[in-house]
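Enquirer: next comes the sequence, and after it the predicted model I'd like to discuss.
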Amino acid sequence: MIIMKTAKQEVSNRVKVPKGELVIMPERCKGCGICIEFCPKKVLVFSKEYNPKGYYFPLAANPQECSACNMCSLLCPDFAIYLNKSVSEKTDEQ
């Protein structure tokens, strides 16, 4: 699910990945590309649109490839990307 609003409103991208939800906040991004460069599965790419600051921001081009390693979130200097990990419910059958 991708949520995009006008430049004056909050802009965020939420993409379901196999092990959670990848959240990208374009309004915080300065377009450094660290998340794109260090993604081990090459999930992220630069968008073709600018954010309100005038920078290209990342998008999840291959969300099905995301392994939920959280590398993008750990390396982002602007805290513009994070991963909400889903917790699978387990039943105790013994």
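Expert: Yes, it's here.

Enquirer: mind telling me what element Cys72 is part of?
Expert: helix 71-75 (DSSP states H and E).

Enquirer: for Ser67, same thing?
Expert: Here Ser67 is assigned to no helix or strand, by DSSP H and E.

Enquirer: setting aside sequence neighbours, what's the nearest residue to it?
Expert: Excluding the flanking residues, the one nearest Ser67 by C-beta to C-beta, 6 or more residues apart in numbering is Lys41, at 5.7 Å. In short, each C-beta sits where N, CA and C put it, glycine included.

Enquirer: what does Leu75 give?
Expert: Ile34 (5.0 Å).

Enquirer: pull up the gap between the one you found and Lys16, please.
Expert: Distance, Ile34 to Lys16, by C-beta to C-beta, to the nearest Å: 23 Å.

Enquirer: rewinding a little: pull the residues that contact the helix holding Cys72.
Expert: Leu22, Ile34, Cys35, Phe38, Cys39, Pro40, Leu44, Pro58, Ile81, Tyr82, Leu83 (C-beta atoms under 8 Å, 6 or more residues apart in numbering).

Enquirer: following element in sequence after that helix, please.
Expert: Toward the C-terminus from helix 71-75 - assigned by DSSP H and E - lies strand 81-85.

Enquirer: show me where the chain has its strands.
Expert: 2-3, 12-17, 20-24, 44-50, 56-60, 81-85 (DSSP state E).
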